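Engineer: Show me how the following folds:
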Amino acid sequence: MKFRKILMLSSLIIFFTFQSCLNLRQCNEVFAHRYLCKNNSNAINYLDINADGTFLHIYEEGDVKLKNSGTWEKNEDGYCYIELSDWKTFNEKGLNYEDYNNGILYINGDYLDMSPDGNSSTSFIKDQSSLTK
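Structural biologist: The predicted model follows:
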């Protein structure tokens, strides 16, 4: 009897441990807003994620103004990320950006992260003053 209780308790602990590890991210259903990247205090750097499936990425530093737009799609296989078409790395490299066919941003609560490891200086954070989008 005691062995069964220990076995049952161990099974529950293992189950809940694996359940919690499957998805540690907060995957918001509604995340169409403006997101800011604050890694360069000399630049204006934001990403508008629109509910119609389009995005606009603006980077301004001094006299240089860069603009990129495309479409985005949320991953449908249970992982918390969005895939963007025609992504440019303004938020990571500023004026020395790289141009990719697509990019992935991981959804983590109020953050859109460049990697699944969590937020960093190149992550975008939801602009709380623009919640009307």
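Engineer: so where do the helices sit in the chain?
Structural biologist: Using DSSP state H, the helices found in the chain span residues 2-22, 90-93.
Engineer: Packing partners of the shortest one?
Structural biologist: Based on contacts counted as 3 or more CB pairs under 8 Å, 6 or more residues apart in numbering; DSSP states H and E, the elements that helix 90-93 packs against are strand 43-49, strand 54-61. Any C-beta I mention is one placed from the backbone N, CA and C, and that applies to glycine too.
Engineer: Need those in a markdown table (columns: mean neighbour count and mean pLDDT).
Structural biologist: Below are these laid out as a markdown table (neighbours: other CB atoms under 10 Å; pLDDT from 0 to 100):
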| stretch | mean neighbour count | mean pLDDT |
| --- | --- | --- |
| strand 43-49 | 20 | 94 |
| strand 54-61 | 19 | 94 |
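Engineer: Nearest to Glu83, out of those?
Structural biologist: Glu83 lies closest, by CB to CB, to one member of the helices and strands packed on helix 90-93: strand 54-61, at 10.7 Å.
Engineer: which stretches of the chain aren't confidently modelled?
Structural biologist: Counting by pLDDT under 70, the ranges of the chain that qualify are 3, 5-30, 130-133.
Engineer: any idea which strand is longest in it?
Structural biologist: In the chain, assigned by DSSP state E, the strand with the most residues is strand 64-74.
Engineer: Can you tell me the strand partners of that strand and which way each runs?
Structural biologist: strand 54-61 (antiparallel), strand 81-85 (antiparallel) (DSSP bridges).
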